[in-house]
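# Predicted model follows, preceded by the sequence.
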Amino acid sequence: MNITSNEIFALDIETLLFEHVNSRALKNLEYQFSEIILLKATDIIEGIGQEELARWVGLLRSNKKDEITFNASHRRKDGSFYPVKTQLKLDYLGSSPLSLGLSRMFLSLGKLKINTIN
């Protein structure tokens, strides 16, 4: 889970607290593991509330959805943000269900101006 350019999170589906966060996510978010496990996913996901995330997890648990994908911003420890695209899935660790999130950082190319020399 740690050798990837993506951020990977495992959430307790009842509390929405982080249970595991890979090293890429910790580096991008500027948290230590001991700090981030005290946070809920909605503490770092800008614009997604606790009720909305709980509803999405409910859709995964009831098998109404296999995956939920959304664009959002992650809030770093210093308060700055960066855009991500997140895929949320349900998986099991032993008999305990976990919500797994995979986030990819992305850049908006719509505003990118490319200068060429002729």
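That came through fine.
# Any stretches of this protein with poor pLDDT?
Of all residues in the chain, those with pLDDT under 70 make up the ranges 1-4, 93-99, 105-118.
# again, only using 80
Across the chain, residues meeting the criterion (pLDDT under 80) sit at 1-5, 92-118.
# which residues in it form helices?
Counting by DSSP state H, the chain has helices at residues 23-29, 33-36, 50-61.
# okay, those in CSV with distance to F81 and mean neighbour count next?
(C-beta placed from N, C-alpha, C; glycine too.) What follows is these, written out as CSV (distance: least, Cβ to Cβ, whole Å; neighbours: other Cβ atoms under 10 Å):
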stretch, distance to F81, mean neighbour count
helix 23-29, 11, 17
helix 33-36, 16, 13
helix 50-61, 18, 15
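# Make a markdown table out of those and add distance to N71.
Compiled in a markdown table, those are given as follows (distance: least, Cβ to Cβ, whole Å):
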| stretch | distance to N71 |
| --- | --- |
| helix 23-29 | 16 |
| helix 33-36 | 21 |
| helix 50-61 | 14 |
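# Nearest to K85 among these would be which one?
Among those, the nearest to K85 by Cβ to Cβ is helix 23-29 (13.7 Å).
# Identify all contacting residues around that closest one.
2, 4-9, 21, 32-33, 36, 44, 74-77, 82, 103, 105 (Cβ atoms under 8 Å, 6 or more residues apart in numbering).
# correct me, but T69 touches L88?
Yes - using Cβ atoms under 8 Å, T69 is in contact with L88, at 7.5 Å.
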